[in-house]
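here is a sequence together with a model predicted from it:
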Amino acid sequence: MDCYTANWNPLGDSAFYRKYELYSMDWDLKEELRDCLVAAAPYGGPIALLRNPWRKEKAASVRPVLEIYSASGMPLASLLWKSGPVVSLGWSAEEELLCVQEDGVVLVYGLHGDFRRHFSMGNEVLQNRVLDARIFHTEFGSGVAILTGAHRFTLSANVGDLKLRRMPEVPGLQSAPSCWTTLCQDRVAHILLAVGPDLYLLDHAACSSVTPPGLAPGVSSFLQMAVSFTYRHLALFTDTGYIWMGTTSLKEKLCEFNCNIRAPPKQMVWCSRPRSKERAVVVAWERRLMVVGDAPESIQYKQLTIQVLLDRLVLRRLYPLAIQICEYLRLPEVQGVSRILAHWACYKVQQKDVSDEDVARAINQKLGDTPGVSYSDIAARAYGCGRTELAIKLLEYEPRSGEQVPLLLKMKRSKLALSKAIESGDTDLVFTVLLHLKNELNRGDFFMTLRNQPMALSLYRQFCKYQELETLKDLYNQDDNHQELGSFHIRASYAAEERIEGRVAALQTAADAFYKAKNEFAAKATEDQMRLLRLQRRLEDELGGRFLDLSLHDTVTTLILGGHNKRAEQLARDFRIPDKRLWWLKLTALADLEDWEELEKFSKSKKSPIGYLPFVEICMKQHNKYEAKKYTSRVGPEQKVKALLLVGDVAQAADVAIEHRNEAELSLVLSHCTGATDGATADKIQRARAQAQKK
Amino acid sequence: MAAHLSYGRVNLNVLREAVRRELREFLDKCAGSKAIVWDEYLTGPFGLIAQYSLLKEHEVEKMFTLKGSRLPAADVKNIIFFVRPRLELMDIIAENVLSEDRRGPARDFHILFVPRRSLLCEQRLKDLGVLGSFIHREEYSLDLIPFDGDLLSMESEGAFKQVANMMIRMKREFTGSQNSIFPVFDNLLLLDRNVDLLTPLATQLTYEGLIDEIYGIQNSYVKLPPEKFAPKKQGDGGKDLPTEAKKLQLNSAEELYAEIRDKNFNAVGSVLSKKAKVISAAFEERHNAKTVGEIKQFVSQLPHMQAARGSLANHTSIAELIKDVTTSEDFFDKLTVEQEFMSGIDTDKVNSYVEECIAQKHPLIKVLRLVCLQSVCNSGLKQKVLDYYKREILQTYGYEHILTLHNLEKAGLLKPQLGGRNNYPTIRKTLRLWMDDVNEQNPTDISYVYSGYAPLSVRLAQLLSRPGWRSIEEVLRILPGPHFEERQPLPTGLQKKRQPGENRITLIFFLGGVTFAEIAALRFLSQLEDGGTEYVIATTKLMNGASWIESLMEKPF
């Protein structure tokens, strides 16, 4: 039996270490790694090698080779690099390989070497070239940070949702920093860089100088820095051969160590096992490896969730295994099986040797109506592989019509997109398709398409009402919608036209439209308005003052108030104002003028069509009891009591009520008997009531 | 803070908490100090969700109203626009952003679309060259805002005609992503306002309804004339009368208001005087408190008693204000005419009161409301009557209102009677819309909310729950719009076992608005002991006849 401690070696006084091989790499490397750009994905993911990078002098004719291996060295892909010079490689959290070129273009590959997409880090980067680049991981995803030839930093914290940030300038920075790294604190990405003896922290807004607490003196340059995977810890290696370890916030020092080696290390990284309390930094030189450690607080991470594990299996196309895991763990379908099936389908559409029909059928057979499966995502993938017909077939299985629209638009099937958008009931989506169609089709075809889609047409009308008035008119014209055309021109007569002639002309067009719409009432009313406008214009010229845009009623009132009774009469006759309203109008105007003489004359001009109670009321409203009393005798019997009460003649009101033998009137009068002198009246009413009851 | 939301059978406070959480999460995404630029329309609804203190906790330092040209100066890292997805607002935002770029330090811009992100708006921002300026563009689905324990409103002016179809389709689309949620509601009743154009036109006669009719309730707040709320001190002689409107929040968190809000106004006075006696008796108790223990007990109740006294004083003042209106002669005349129309008297000829209102140039909204009511109660007006009213309105109020009249006709509120047939009497009789023996004090039927008229919408809901719509198929055919019922099958595991005596819960969704009187009528039904159904009410907008007509009015200048 072997001794358990046989292969453990002492490290210092109280610690031991051992070395053993987990597995041997399967790869068959012909050249040394030192000539390659190397990137290993986190969590035992794939390893990418780019051979023959440009920094080495080589014949330009030899193209470099990009190779991808699994963590155990199994070859996954190998391809000739045909693009520009690459500065840096890195893996995203989704196991996509990001290759940063010198011109700031980033090419993205899948782990099987399949090209996915590319994007640029911006013009500034293109002009000044990339000096150095880092791929880093944040909780939002994976980011890219770039140091340009102009010694400026540009970064994107999430390449999945690319937003470029140009970081502030570092004052006085003339050459590249001796070392730098990205940090992620409070969900924001920062850059820490070293220039000579100084450290600077760059955030979006500012560049600030920072000092690590307890840093040994005498440092004139920082040679290396390393941040732990969780961004909690930082290690600095100085030109004095001194290592400082602390928190990234630079608020706390964990430990320091003097290794007495002044040569710059090739590499320095934090290392620690997930469940270990030990935190250590490994520093590597050409022929030496050093582990510097301490034992700080215990924090455990469970970074690799089951979701990520499943993603990894899917990426490696191990679909059946992934499904079995889901079933074993009883994951909900949406998170588990259906997601994996969707991935499988996306892979399936890339099989170019199978016909569109067969692929679509195979996918539908397997997926059916599995909840949570997005057929539109699968269709998008099919379209991405150039299989438009397959994409359309797959979209037919998508139950959410709204989801079908963007892809249909992309595939230039705008009319189909329109009907799907309408089906979805999402007005915003309909508008989007409509504007697409409008740019795509000529006006005639566009209108024709609308005509067959009533809902789209009515939405487009609403849009035009606010955004494109002229188009609205064209639409009404096309539909022979004369009623709306009429309204359109009425609006124009107020909004678009200033001069009277223009306004009248717009109204004439409106009236014509109303006739065509067989809306005689509106047509006549419009013609009346034209007449009124012209007349108001004349009144303004002849009498001064403001008449335009007053209603007919107010025009007549204004005339009376201005003492132009004759003109008022004429206008009322011309426009056939009903007698009753005219009496109200005059009554109100004359009372406003307090022209009591004229009011009395008016009241006697003929029998009032509105009775005489309004005369009493309006005089009392102007607090003129004297004038009010003149009319009480002429008020009809039904309203007489009310009139008498209004002028405060309680006694006479009582007499009339008694005469009428009307119980309601009697109580009304009684409720007005509040004054000291009303006692007799109240008694009188009570007596009358009593008498009425006897009978 | 929002305890009144959790009183109901369905805890709506959960909704409020969810939207608050979503808001906090969004604010935290924009790290650092912030200024919010508000689409003014949103401030009211947001007030029901979050106070300024919540925003402040998340580093919101400044708030502005969205308007053209430059933003006011603010030393903040983030500028966040809270807007509805409207094109005209995008133009203003672009103007803000473009003028901002030319000066000062760079800021981060963000947009929060309420309640939906819009491709159309983003396209507009792109066309204006500013889309790239925004770091976060997100949506905040504040669509159903909890107003009370049983009331949700979208507070949006949009029309939602095809909502029913959409809901059925959405159900299909979303199954799977949420199939394990226990159903809260037994029934969903969608009512399009078009089915019942009548009810909002009538003057509401409940306490809350009248407050809304007279002063207008906005996002659960009402502004009242301050005179009646002045602290009564002797010898002041009317000096220092407050001039600013008194603003009060009205919801069921206030015990007294919860008790009287849904009563017919004529039944409110007696409750208030009874309350006054109880409260003064409670205060008198202090004389009886002899032992230290008794005094302690009394003191511990003081805050509650003082709150009750304050609440009573407020509502007594409001009731006085309302009474001044309801006892006026004109209010009485108007109500008489409304009730005549609704009970089917003289709806086919020109009404002399309406004529007089026009001649005296009463507010146009009042006139239109009456004319529309007459039209609806007569299945449209005779052409001659209609033309007479229209001509009178145009001559008196101005020709430009021809556009408003046209809008009312399009909405079906005003129309000529077709085929000389008046269907309203059939509807009225079958659905018992007019009840002569109404009891305002101790109601036995929903008709108490309009002192005689039973709101058609609520009657439909009542009949659906018992005995079912099959009994009124004739009338349903006459009412506008198709009707349909759809049963949603539930997985067996999710079927609820109802306790004996436990009521069903119906979510009733009013598309196109609901009035406070209708809400009161539904609450009345919920409280009926043998009713069997409790209602939670949702709507696109809380409305009344005036706000409705106003939304259809068009002023070209």
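Nice, I can see it. Numbers count the residues shown, from 1 in each chain, chains lettered A, B, ... in the order given.

what's the helix or strand for residue B:190?
Here residue B:190, judged by DSSP states H and E, is contained in strand B:187-192.

ranges for the strands of the stretch 451-557 of chain B?
B:504-511, B:533-539 (DSSP state E, counting those that start in this stretch).

so which of those comes closest to residue B:106?
The minimum distance between residue B:106 and the strands of the stretch 451-557 of chain B falls on strand B:533-539, with 43.4 Å, by Cβ to Cβ. Every C-beta, even on glycine, is put in place using the N, C-alpha and C of the backbone.

in the helix or strand hosting residue B:121, what counts as buried?
Assessed by DSSP H and E, residue B:121 sits inside helix B:119-127. Residues B:119-125 are the ones in helix B:119-127 that count as buried (16 or more other Cβ atoms under 10 Å in any protein chain shown).

give me the mean pLDDT for that helix.
Helix B:119-127 comes out with an average pLDDT of 88.

return that helix as CSV; C-alpha atoms alone will do.
Only the C-alpha atoms of helix B:119-127 are listed here, as CSV (Å, rounded to 0.1, in the frame of the first residue of the first chain):
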residue,chain,number,x,y,z
LEU,B,119,-40.2,50.4,-33.2
LEU,B,120,-41.9,53.3,-34.8
CYS,B,121,-40.6,55.7,-32.3
GLU,B,122,-37.1,54.2,-32.4
GLN,B,123,-37.1,54.6,-36.1
ARG,B,124,-38.0,58.2,-35.7
LEU,B,125,-35.1,58.7,-33.2
LYS,B,126,-32.9,57.0,-35.7
ASP,B,127,-34.1,59.3,-38.5
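
and the helix or strand following it, does that touch chain A?
The helix or strand immediately downstream of helix B:119-127 is strand B:134-139, counting by DSSP H and E. Yes - using Cβ under 8 Å from any Cβ of the partner chain, strand B:134-139 reaches chain A at residue B:135.

what angle do strand B:134-139 and helix B:119-127 make?
Angle, strand B:134-139 to helix B:119-127, by axes from the mean of the first three to the mean of the last three Cα atoms, to 10 degrees: 160 degrees.

by contact count, what packs against the helix or strand that strand B:134-139 is followed by?
Later in the chain than strand B:134-139, the nearest helix or strand by DSSP H and E is strand B:145-148. Applying 3 or more Cβ pairs under 8 Å, 6 or more residues apart in numbering or on different chains; DSSP states H and E, we find strand B:145-148 packed against helix B:13-29, strand B:151-153.

so residue 378, which of the three states?
Defaulting to chain A. Three-state assignment for residue A:378 (DSSP: H, G, I helix; E, B strand; the rest coil): helix.

actually it's chain B I care about, not the one you picked
coil.

not counting sequence-adjacent ones, nearest residue to it?
residue B:347 (3.9 Å; Cβ to Cβ, 6 or more residues apart in numbering or on different chains).

list phi and psi for that neighbour.
Backbone torsions of residue B:347, given as degrees, to the nearest 10, read phi -80, psi -10.

surely it touches residue B:376?
No - look at residue B:347 against residue B:376 with Cβ atoms under 8 Å: they stay out of range, at 9.3 Å.

overlap in contacts of those two?
residue B:424 (Cβ atoms under 8 Å, 6 or more residues apart in numbering or on different chains).

and the helix or strand containing residue A:474, C-alpha only, in CSV?
Assigned by DSSP H and E, residue A:474 falls within helix A:469-478. What follows is helix A:469-478, C-alpha atoms only, in CSV (Å, rounded to 0.1, in the frame of the first residue of the first chain):
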residue,chain,number,x,y,z
LEU,A,469,-51.8,65.8,-43.8
GLU,A,470,-51.4,65.8,-47.6
THR,A,471,-51.3,62.0,-47.8
LEU,A,472,-54.4,61.9,-45.7
LYS,A,473,-56.2,63.9,-48.4
ASP,A,474,-55.0,61.6,-51.1
LEU,A,475,-56.2,58.6,-49.1
TYR,A,476,-59.7,60.1,-48.7
ASN,A,477,-59.7,61.0,-52.4
GLN,A,478,-58.8,57.4,-53.4
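
tell me the mean pLDDT over the next helix or strand after that helix?
Per DSSP H and E, helix A:469-478 leads on to helix A:482-495 as the next helix or strand towards the C-terminus. Model confidence over helix A:482-495, given as mean pLDDT, is 93.

would you mark the buried spots in helix A:482-495?
A:482-494.

burial check on the nearest residue to residue B:543 once chain neighbours are set aside, number of neighbours?
Distances taken as Cβ to Cβ, 6+ apart put residue B:513 closest to residue B:543, at 3.6 Å, once the chain neighbours are dropped. As a burial measure, residue B:513 scores 20 neighbours (other Cβ atoms under 10 Å in any protein chain shown).

do the one 5 residues further on as well
Neighbour count for residue B:518, taken as other Cβ under 10 Å: 30.

grab the nearest non-local neighbour of residue B:30.
Per Cβ to Cβ, 6+ apart, closest to residue B:30 is residue B:78, 4.3 Å.

what parts of the stretch 201-350 of chain A come near chain B?
A:204-205, A:332-334, A:338.

all helices of the stretch 301-450 of chain B, in order?
For the stretch 301-450 of chain B, the helices defined by DSSP state H, counting those that start in this stretch cover B:329-342, B:352-359, B:364-376, B:383-397, B:402-410, B:424-430.

now these as a markdown table including mean neighbour count?
Shown next, in a markdown table, are those (neighbours: other Cβ atoms under 10 Å in any protein chain shown):
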| stretch | mean neighbour count |
| --- | --- |
| helix B:329-342 | 17 |
| helix B:352-359 | 19 |
| helix B:364-376 | 23 |
| helix B:383-397 | 20 |
| helix B:402-410 | 20 |
| helix B:424-430 | 17 |
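
in a markdown table, list those along with distance to chain A and mean pLDDT.
Shown next, in a markdown table, are those (distance: least, Cβ to the nearest Cβ, whole Å; pLDDT from 0 to 100):
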| stretch | distance to chain A | mean pLDDT |
| --- | --- | --- |
| helix B:329-342 | 9 | 96 |
| helix B:352-359 | 4 | 96 |
| helix B:364-376 | 11 | 97 |
| helix B:383-397 | 4 | 97 |
| helix B:402-410 | 6 | 95 |
| helix B:424-430 | 24 | 94 |
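
can I get those helices in CSV including distance to residue A:457?
Listed next are those as CSV, based on distance: least, Cβ to Cβ, whole Å:
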stretch, distance to residue A:457
helix B:329-342, 37
helix B:352-359, 37
helix B:364-376, 28
helix B:383-397, 28
helix B:402-410, 15
helix B:424-430, 33
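
out of the ones you listed, flag the one nearest residue B:115.
Of the helices of the stretch 301-450 of chain B, nearest to residue B:115 by Cβ to Cβ is helix B:402-410, at 26.0 Å.

which residues does residue 550 contact?
With no chain named, the answer covers chain A. Counted by Cβ under 8 Å, 6+ apart, residue A:550 has contacts A:536, A:558, B:398.

chain B is the one I meant
residue B:365.

next one: it from residue A:580, what distance?
Going from residue B:550 to residue A:580 by Cβ to Cβ, to the nearest Å gives 28 Å.

swap in residue A:256?
103 Å.

after the strand holding residue B:190, next one along is what?
Counting by DSSP H and E, what follows strand B:187-192 is helix B:207-215.

how much distance is there from that following helix to the middle of the chain?
11 Å (Cα atoms, centre = their mean, to the nearest Å).

can you name the residue of the stretch 151-300 of chain A nearest chain B?
The minimum distance from the stretch 151-300 of chain A to chain B, using Cβ to the nearest Cβ, falls at residue A:188 (5.5 Å).

is it correct that that residue is in contact with residue A:202?
No - applying Cβ under 8 Å as the test, residue A:188 and residue A:202 come out as separate, 11.0 Å apart.

of these two, which one has the most company?
Shown here are residue A:188 and residue A:202; by other Cβ under 10 Å, residue A:202 has more neighbours (24 against 14).

specify the beta-bridge partners of the more buried one.
residue A:191, residue A:207 (DSSP bridges).
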